[in-house]
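Asks: what follows is a predicted structure for the sequence shown.
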Amino acid sequence: MTYKLLSYQSGGQPRAGLLVDGKIHDAARVTGESAYQTVFGALQAWEAADGAFRRAAQKIAAGEDDAGAIALADAQLLAPVLYPGAIFGAGANYLDHVEEMNRAHGFDKGPTMKDLGRIALALLEGGAQLDRGSGRGREASCALKGR
């Protein structure tokens, strides 16, 4: 039986969940491992966590553990890893890649984000939303809603 690992809101707290047959099961509860309360905690011991998750998914599929499960449609999903150690903007970080993509799409070599005085990546506080601006390619932009 397969599962999908995700983060969701439960009781006002972010939790790691296993999605099995359209329902989310609390990862720490179904495995008995408090370290799996968050996706980050599970990733810290991935080999053991994956084995525990696979066993839990088999029990869930067999109908042995469905207590506390919530339907995916009723859940508030969160970013998979809530507090990553680093976030990379691949195109902004690899000038060679940017130049290659510009050639592939027929763009002239333009200024870099640094040349434009822009920060290539941004971190958003919890609950912040982006409003997609206009433009395509190098001219695309977005802004924080309500800021």
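Replies: In hand now; what should we look at?
Asks: and the helices in this structure, which stretches?
Replies: Here the chain has its helices, by DSSP state H, at 27-31, 39-44, 46-61, 90-93, 95-104.
Asks: please identify the most buried of those.
Replies: helix 27-31 (a mean of 22; mean count of other C-beta atoms under 10 Å). To be clear about C-beta, it is placed using only N, CA and C from the backbone, and glycine gets the same treatment.
Asks: distance from the chain centre to it, please.
Replies: 20 Å (C-alpha atoms, centre = their mean, to the nearest Å).
Asks: that one - contacts with which helices or strands?
Replies: With contacts defined as 3 or more C-beta pairs under 8 Å, 6 or more residues apart in numbering; DSSP states H and E, helix 27-31 has these neighbours: strand 13-20, helix 46-61.
Asks: can I get these in a markdown table with mean pLDDT and distance to L6?
Replies: Output for the helices and strands packed on helix 27-31, formatted as a markdown table (pLDDT from 0 to 100; distance: least, C-beta to C-beta, whole Å):
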| stretch | mean pLDDT | distance to L6 |
| --- | --- | --- |
| strand 13-20 | 95 | 5 |
| helix 46-61 | 95 | 11 |
